[in-house]
Each structure stands twice: as structure tokens, then as C-alpha cells.
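[1] fold the following.
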Amino acid sequence: MPKETHLDTPVIPIEEIARYPLPGTAVPANLAFSPDDHLVTYLFSPQGNLTRQLYAFDLQTKRHMLQAEPPGGGLTEENVSLEEALRRERMRQRELGITQYAWAESAMRILLPFQSGLYVSDVDGNPPRQLVESQEVPFQDAQLSPDGEWVAYVQDAELYIISCDDGGRRQLTSGARGSGKTHGLAEYIAQEEMGRRHGFWWSPDSRLLAFIEVDETHIPTYRIVHQGKDFTGEGAQEDHRYPFAGGPNAKVRLAVVSIKGDDPIWMDLGDEEDVYLARVQWLPDGRLSAQTLNREQSILELVVFDPGSGERRGLLHEESDVWINLHDLFWPFKSAYNGEQGCFLWASERSSFRHLYLYTADGSLIRQLTSGDWAVDALVGVDEGAGLAYFTAGMEDPRECQLYAVSLQGGEPRKITTEAGTHNVVVDHACQRFVDTHHSLHHPPAVRLLSLKDGAILATLHSKIDARIGKLGLQPPEMVSLKNRDGVTLYGAIYRPPEDRFGLGPYPTLVHVYGGPHKQIIANSWEPTVYMRDQYLCSLGFLVFLLDNHGSARRGLEFEGAIKGDMGHVEVEDQVDGVRWLVAMGLADPERVGVFGWSYGGYMAAMCLGRAPETFRVAVAGAPVSHWNGYDTHYTERYMGTPQTNPNGYEESSLMHHVAKMQGKLLLVHGLIDENVHFRHTARLINALIAARKPYELLIFPDERHMPRRLEDRVYMEERIRDFFLKNL
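    This next block holds a predicted model:
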């Protein structure tokens, strides 16, 4: 136990670790400009809790106006349907009340899906009006047409539209209901792993809808039983068509249907059946585009279709010997560029770092717009008239995110934002102004309106400082960099215990790890400052350390691709090198080092105990993937191939393969109804631990999924994790 630890008087009450929203994070979110650029709308809780309402900020009067509040309090964790609960898990969403809204593209009308039904607001001072009441079978994925005249949605596996004027309803698809297929809904893999949330898309003229048909009937069901329920039967179990690595995927077809309800026209997706439909997007000229990805995720095709015949034409071919990372940086121009119609922007990692490229309508490269050992994060706006593209990136430092402009003629990008930290940007339609949610390690998020021309502040939407920050004494961690055993620079962060209570070290040390791809935890943002467990454990005398190892995001495809075919290996080596650096600096006590993490971080925590028992003595593994053959196809096979093509890699990357070497103390934490990382992963690991006669402790939550939501569960979990580390370190 750390010396001079006083559990009766902790600096931070343990309840604060489990409380959401985190300090300083109750700020305007889901920001959007109205079609006429006169308003900025956003979701916000004036009480500072999770229950949000819809507000509008008038850019002329500089006034905030309550636009809508949900009937009956809106969404709660108690009234949520199963379908909505699963959608929220895919989105990692905790917010309640109004959780989503959307503007029509070319009309001053907002769609508001509530628990009590579908509503629209005409932004005329009147309350939102209800189009249709909620029914026993819920509405899913409601979307406004671009002209604001129709709302499309899926109900009972079929696609419908309803008029915003007279409430007339029309069914557009048939044949899916009762067959096990769905029309217009994104399949699990698309939502969870591909970042494709929708299963249908409005055409620019609001006359057509593209939609997908998903057939998962050939995928075996995986049953999740609600063991903590007081009842049995209906509602006490869930059956999921979960595509395990190496197994069958959903069969997906793409069609176009008229709002008149004519027979659908099916698009030609090619002869290869086992492909992913990664993206679907209408082009300004009325053609339909799609991005398809082969099963190995090494080849991406950008194709266009004639919506009247379904005929396809190839536009772009991307190939990688590492893997293809999907993105949303395809930007077709609405007007001619240099006299040519149909030009578009595209992003590629062909140089290892994601950069922007300009293409002609037939897919011929005009020029590369950005280059260097840094990656473009997002394309946030294109001013076709001025010939400028606006993007965010960490050009000077991968731990930051800034806004830049680059000419379509090429040249050096111009930096627009100047304050150090992270800038989340929404650009208006006219490319004149942008809303900037800026935060850093030292400053919680502030929301301001700025000029795209020179970055001048035009208005402040939110700058209130949360009183909890000062009350809890939150201090940002110290950013550090170090070299691993191969001389590669790695970025980390340190939370040092208070010197006046615990001296100068060396300290008992806890490594907070995630370690997986597509994620970065070391950033100059507010998020590390409100890693509340880290802050709490630091106040008890532990030094807490974080490190982005090989495989993590925003360092280029070569850095990320180091894990290819062999997960849990180089990542652990980097974490060991981080601990060795701490020991050499006199900060870490080498005999008292623990590690904790969740999901991939849970896998990493247990793997650190198995692969490096000489370094790590204690581990808390939350919702760990114990064997990659038990996780889904798209995520796992991107990095590991299939179990059939890479059996040795799967075996070496499984936790069970390293159980015999485990020497330290292990606490496993898991929710029994986790539909992402099934509890089966922990159960399989426990079997291996028993067979090897290795001790372990287990903490389960019968009614939690992958992201623990109930306050009492989270407080209890933090108490158990704290006590486990105090006892064993």
C-alpha cells in the first residue's frame, strides 16, 4: 500500500469518478449551422447533467433560444427500447433527453426523433409538431429529405416515408418483414466497426432513396441471457447474429427506390459476394456512389452507379499491403472546377500518412494537395468558388488538432486556429465562419464562432467554467516523450502524486492502457485531465502513466501497422519500455507496477501480466478480448487476417496462450450482457486460468453491456478496483 494513504479523506470523492458528464464537459454539442447560416443549433443541458435540450444561437442578435425540449423528459435509461439501447452502444452515447436532431439540407426544418414519436420543428417560434406517435414497433433511423418535405424511417424491417405537411404515410419496400432480412438498416458490422450508421440515403432532389437489404439468416445466432432479471421468458434474452472472425458476414445488396413506391432497382456491386459495403453517397449530379472493401480489407473500390439502371463504373482503386482505414473524406464538387464537372477530393494513406488528393470526374489524379509526416484528420469544408479546402490535422504535433486551409492549386497549408490544443470544427455552408470547440490539457472546452478568413473571434457561445474543476483540484498530467528499444519516439503522460504527501518517489505505479488501433489517448485535450480514475488513484499515492504504443492512431499507417498479424506483442514491448523509462527516471518502483484498461485495454492489461510478468505485478482487465477468434470479422480480420489464414498469429495473440507465464494478481471485470465483447471472452480465460491453477478475482455486472451505465455499478466498480490495487501494490 502506498505510504501515507488516507482512505477516509481522499482528495476526490470516489463518486466523482463515476459521475457523468465529466467535469467541464457539459458544453454545447451536436453543433450545426442552419441551411441559411443564420443560426447555430446545438444540444445542451443548462443544469449540467446528461439530459439535453435543443437550442439555437442567432448569429445576428447573438441570443440563445430554447428550440425544443423533449415531451415527458425525453429519453432515459429506463424508457429506452432495445433497438435504441443497442444504437446507443454503437455510438458510445450516454446523453439523455434529446439525443439527436437533424436539419433538412435546403429547408428551415428540423427533425426530432423522440420516444413519443417523430416531430418536426419549422424554427418559427412554435413548438415542434408531431408527425406520428410512437408505436409498439419502434421507428429506426429517421431522416429528413433534403427539401424537408418527407421523413423516411425504418419500421419492422421495412422502409417508409411520411409527409411533413399532411402526415400521409407510404411503404416503399416489402418482402423483408418476417424473413429475417431488413431493408434500410445498417448491419451490426457497419455500425460498430465501419462507421456507417445508416442503411438508406436520400437523393439530392428528394425523389429517390438508396437503401440496403441485409440478410443475416445464415449467421448463427449468439444468445445473451439477462441473468440478473427477476423474470424469465420474453425480454430475458437477446439473440444476435454476430459475425465471428473467419465466419460468414451479412449479405448486403444496394437498391434505389422512388418515393412513389415503384419496384426497386438493384445496383451492380460486382461479382465478388464477400465484400463490405463501406460507404454510400449520392453525387450532386444525381448519380449514386459506393465504396466497397474486399474481405481482406486490402482493396477499396470507389464506384458510381446509374440509379435508373444499376450499371456501375469504377472511379478509384486503393490498395494497401497493410490494410485500408476507412474515412469520410470523399468530397464531390457541386460546381465545375477549372471548367470540368464532377471533380472530387479524396484522402489516401498511400504514403503511410493520410493526405488529400484532387481528382477529375473519371478518377484521374490532378494533384496531391497535402504531404508530410503528419495525417489529415477530417475534411470540414470546401469553398469551390475560392478554391480552398479546409481540414483538421496535427501538422506540427500529432498530439494536437488544428484547422488549416489549402489551395486546390496546391501549396503550403495555411493555419487558421492558433491556440494550442484540440479544435473540433464545424464550418458554415458559405465557408465564411466556423464554430470551434477548443480545449486543451489546461482548459476545458469553450465554444466560439470565428472567421474562416483570419480566425478572428466573432462570438462566444459557451465559456462557463465548471465549478467542479476547482473543487476537485484537478491538475493536468505532464506530457512526456521517450524512445522505445528500437529508438522510436513514443508519447506519454504522467500523473504525479502530491509531493507534500508522498515525497519525490519512486512511487508505486499504475499504467493506464488502451493500446489498440484507431485510438489515441495522449493528446493536448481536456480528456486526459478528466481521466477521473487516474486523478483519484494519483491522489492516493500512485503514479499513473499512459503511453500510446505502436498500433495507436494519428502516427501514420506504418506506425499503426506494426501490429499486423500479431496483436498484443509490440504493444506490450512498448509499454514495458515505458515502465523502464519511468524506473530510470526514479519515478517508478520496479517492484510495484500495475496496469489497468478496458476493452482492448483490458486485453492489454491481461497480456502485460502474461507477456511481461517481470515488469507487471498486478492487472485489472475490463471486458478483455481473450481470443481474437471470438471477436467480429471486420475489426479482427483487418489486423489479424482470418483464423484460417493466420492460425499461429491467433494463437500467439490469445490471452490463453500466455496464462502459464502469469505470476501476478489479476482482477477480471465484465458485464454479463456485453454484446460487443461477450462475457464468453472472460469465461474462456477463466477456464484457462483454472487449468493452469492460476488465481484470479472476478467482478461481474449482470445488467451491464460493454459500457457500464448505472451509477451504482460504476461506483462499486471503482471501489473494488481501488481496493484491489491498494491491497496488492
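
[2] now the residue lying closest to Met108 once chain neighbours are set aside: how far from Gly148?
    Nearest residue to Met108 in three dimensions, chain neighbours excluded: Val123, at 5.1 Å (CB to CB, 6 or more residues apart in numbering). Placement of C-beta: from N, CA and C, glycine included. Counting by CB to CB, to the nearest Å, the gap from Val123 to Gly148 is 11 Å.

[3] list the residues that contact both of those two?
    108-109 (CB atoms under 8 Å, 6 or more residues apart in numbering).

[4] got the domain ranges for the chain?
    Domains of the chain are assigned by automatic domain parsing as 25-138, 475-728.

[5] quick revisit: what helix or strand is the residue nearest to Met108 on?
    Using DSSP states H and E, Val123 sits in no helix or strand.

[6] pretty sure it sits against Leu39.
    Yes. Using CB atoms under 8 Å, Val123 is in contact with Leu39, at 7.1 Å.

[7] quickly list what's touching both of those two.
    Ala56.

[8] how about the secondary structure of Gln291?
    Following DSSP: H, G, I helix; E, B strand; the rest coil, Gln291 is assigned to strand.

[9] that one - how many residues pack around it?
    Per other CB atoms under 10 Å, the neighbour tally for Gln291 reads 23.

[10] pLDDT value on it, please?
    At Gln291, the pLDDT value in this model is 98.

[11] not counting the longest strand seen in the chain itself, show me its contacts.
    Ranked by residue count under DSSP state E, the longest strand found in the chain is strand 588-598. Identification of contacts with strand 588-598 by CB under 8 Å, 6+ apart yields 505-515, 533, 543, 545, 575, 579, 582-583, 603-605, 608-609, 615-623, 721, 725, 728-729.

[12] inside strands: which ones of those residues?
    507-512, 543, 545, 618-622.

[13] please work out how many residues are found near Gln663.
    Neighbours around Gln663, by other CB under 10 Å: 12.

[14] how about the nearest residue to it, chain neighbours excluded?
    Nearest non-adjacent residue to Gln663 (CB to CB, 6+ apart): Pro613, at 4.1 Å.

[15] ok so, going back, the residue nearest to Met108: neighbour count?
    What Val123 shows, counting by other CB under 10 Å, is a neighbour count of 21.

[16] from Asn49, how far off is it?
    26 Å.

[17] where exactly do the strands run in the stretch 201-350 of the chain?
    208-215, 221-225, 237-241, 251-258, 265-266, 275-282, 288-294, 299-305, 312-319, 331-332, 344-348 (DSSP state E, counting those that start in this stretch).

[18] of all those, which one is nearest Gly74?
    strand 237-241 (24.4 Å; CB to CB).

[19] which strands or helices does the closest one pack on?
    Packing partners of strand 237-241 (3 or more CB pairs under 8 Å, 6 or more residues apart in numbering; DSSP states H and E): strand 221-225.

[20] with only the CA atoms kept, save the host helix or strand of Tyr42 in CSV.
    Using DSSP H and E, Tyr42 falls within strand 39-44. Extracted in CSV, the C-alpha atoms of strand 39-44 (Å, rounded to 0.1, in the frame of the first residue of the first chain):
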residue,chain,number,x,y,z
LEU,A,39,-28.5,30.0,-36.7
VAL,A,40,-26.2,27.6,-34.9
THR,A,41,-28.2,24.8,-33.3
TYR,A,42,-26.9,22.6,-30.5
LEU,A,43,-27.8,20.2,-27.7
PHE,A,44,-27.1,21.4,-24.2
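
[21] show me the strands in the stretch 551-700 of the chain, by range?
    Under DSSP E, counting those that start in this stretch, the stretch 551-700 of the chain gives strands at 588-598, 618-622, 665-671, 697-701.

[22] okay, buried residues for the first one please.
    Read that as strand 588-598. 588-589, 592-598 (16 or more other CB atoms under 10 Å).

[23] run the chain-centre distance for it.
    Centroid displacement of strand 588-598 relative to its chain, using CA atoms, centre = their mean, to the nearest Å, is 28 Å.

[24] between it and strand 665-671, how many degrees?
    Orientation check (axes from the mean of the first three to the mean of the last three CA atoms, to 10 degrees): strand 588-598 against strand 665-671 gives 20 degrees.

[25] tell me the mean pLDDT for strand 588-598?
    98.

[26] for stretch 513-532, which positions count as buried?
    Those would be 513-518, 520-532, for stretch 513-532 by 16+ other CB under 10 Å.

[27] endpoints of it, how far apart?
    End-to-end distance for stretch 513-532, by CA to CA, to the nearest Å: 14 Å.

[28] what do you get for stretch 690-698?
    Terminal-residue distance, stretch 690-698 (CA to CA): 13 Å.

[29] lowest-confidence stretch among the domains of the chain?
    domain 25-138 (a mean of 91).

[30] and for His569, the neighbour number?
    His569: 18 neighbours (other CB under 10 Å).

[31] oh, that last question was meant for His218, not what I typed.
    By other CB under 10 Å, the residues close to His218 number 12.

[32] now it: how far from Gly385?
    Relative to Gly385, and taking CB to CB, His218 is found at 50 Å.

[33] using PDB, write out every CA atom in stretch 11-30.
    Extracted C-alpha coordinates of stretch 11-30, given in PDB (Å, rounded to 0.1, in the frame of the first residue of the first chain):
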ATOM      1  CA  VAL A  11      -8.900  14.400  -2.200                       C
ATOM      2  CA  ILE A  12     -11.500  13.300  -4.800                       C
ATOM      3  CA  PRO A  13     -14.700  11.600  -3.600                       C
ATOM      4  CA  ILE A  14     -14.900   8.200  -5.400                       C
ATOM      5  CA  GLU A  15     -18.400   9.000  -6.500                       C
ATOM      6  CA  GLU A  16     -17.000  11.700  -8.700                       C
ATOM      7  CA  ILE A  17     -15.100   9.100 -10.800                       C
ATOM      8  CA  ALA A  18     -18.400   7.600 -11.800                       C
ATOM      9  CA  ARG A  19     -20.400  10.700 -12.300                       C
ATOM     10  CA  TYR A  20     -21.300  11.900 -15.900                       C
ATOM     11  CA  PRO A  21     -20.900  14.300 -17.500                       C
ATOM     12  CA  LEU A  22     -17.300  14.600 -16.500                       C
ATOM     13  CA  PRO A  23     -16.100  18.000 -15.100                       C
ATOM     14  CA  GLY A  24     -16.000  20.700 -17.800                       C
ATOM     15  CA  THR A  25     -17.700  18.600 -20.500                       C
ATOM     16  CA  ALA A  26     -21.300  19.700 -20.200                       C
ATOM     17  CA  VAL A  27     -20.900  22.000 -23.200                       C
ATOM     18  CA  PRO A  28     -22.900  22.600 -26.400                       C
ATOM     19  CA  ALA A  29     -22.700  19.500 -28.600                       C
ATOM     20  CA  ASN A  30     -24.000  18.300 -32.000                       C
END
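
[34] buried residues in it?
    Going by neighbour count (16+ other CB under 10 Å), the buried part of stretch 11-30 is 12, 14, 16-19, 21-30.

[35] which ones among those residues are found in helices?
    Among the buried residues of stretch 11-30, DSSP state H puts 16-18 in helices.

[36] how about those in TSV, adding distance to Gly74?
    Shown next, in TSV, are those (distance: CB to CB, whole Å):
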residue	distance to Gly74
Glu16	25
Ile17	26
Ala18	23
